[in-house]
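Novice: structure, please.
(chains A and B)
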Amino acid sequence: GAGVSQSPRYKVAKRGQDVALRCDPISGHVSLFWYQQALGQGPEFLTYFQNEAQLDKSGLPSDRFFAERPEGSVSTLKIQRTQQEDSAVYLCASRRTEDREDTIYFGEGSWLTVV
Amino acid sequence: AQSVTQLDSQVPVFEEAPVELRCNYSSSVSVYLFWYVQYPNQGLQLLLKYLSGSTLVKGINGFEAEFNKSQTSFHLRKPSVHISDTAEYFCAVSEPGYSTLTFGKGTMLLVSP
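Specialist: Numbers count the residues shown, from 1 in each chain, chains lettered A, B, ... in the order given. Just a heads-up that it's a prediction; the model follows:
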């Protein structure tokens, strides 16, 4: 597609519920990133994929967070047993290559509110 | 570890006035520097980036930034702002050995008539 597409755009979850957030990167992009952006803060890195390989998951805040990209295109971020502190915008981004010089393109985000 | 400091959380300015948004980074190695803009309820859009070469970088929408290695700064400037420039601006750094970008906390630019 023309840009990075994320769904759902808005999600309200009850505390303890599991949620799944989907990301469709730009077609052919090798690198895929997930970020978490809390209200009034900058995006914080969660995890990085190169094709289907998850090369860095150092930013995932707990083992309740899990991400996958099984076929090297679409990715899903799953949050189990959601807590109120998980409320944030989850941004997906992609990059054409693994080269740091290449531009990273962001989706519009999935807004998660845990009540 | 890389980190980015944006010294101002909010910058109010009148339309057609010049503006400077400040960004400092902490790294002792060669870095790449970026400015992104985020309009309400939207994702981040790249304004400009510094990889190497000329320290003055020109971006979209009339913005430019100057890389200053001795002061570890990468301030964003625009000579004359428009109402439509009202948005959140994020400075980010990419360092060798790190997978991705590290962002500052952002500066909200508020342009009023």
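Novice: endpoints of stretch B:93-111, how far apart?
Specialist: 26 Å (CA to CA, to the nearest Å).
Novice: swap in stretch B:96-108?
Specialist: OK, stretch B:96-108 end separation, CA to CA: 29 Å.
Novice: ok, now stretch B:30-43?
Specialist: End-to-end for stretch B:30-43, by CA to CA: 27 Å.
Novice: now swap in stretch B:54-73 and tell me
Specialist: Using CA to CA, the end-to-end distance of stretch B:54-73 comes out at 15 Å.
Novice: stretch B:35-52 now?
Specialist: 15 Å.
Novice: can you mark which positions in it are buried?
Specialist: By neighbour count on 16 or more other CB atoms under 10 Å in any protein chain shown, the buried set for stretch B:35-52 is B:35, B:36, B:37, B:38, B:43, B:44, B:46, B:47, B:48, B:49, B:50. Using the backbone N, CA and C atoms, a C-beta is placed for each residue, glycine as well.
Novice: of those residues, which are in range of chain A?
Specialist: Of the residues in those, proximity to chain A by CB under 8 Å from any CB of the partner chain holds for B:36, B:43, B:44, B:46, B:49.
Novice: let's have these in a markdown table, adding pLDDT and secondary structure.
Specialist: Output for these, formatted as a markdown table (pLDDT from 0 to 100; DSSP: H, G, I helix; E, B strand; the rest coil):
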| residue | pLDDT | secondary structure |
| --- | --- | --- |
| B:36 | 97 | strand |
| B:43 | 87 | coil |
| B:44 | 93 | strand |
| B:46 | 95 | strand |
| B:49 | 94 | strand |
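Novice: who's in contact with the nearest residue to residue A:6 once chain neighbours are set aside?
Specialist: Once flanking residues are discounted, residue A:6 sits nearest to residue A:107: 4.1 Å by CB to CB, 6 or more residues apart in numbering or on different chains. Counting by CB atoms under 8 Å, 6 or more residues apart in numbering or on different chains, residue A:107 touches A:3, A:4, A:5, A:6, A:23, A:91, A:92, A:93, B:43.
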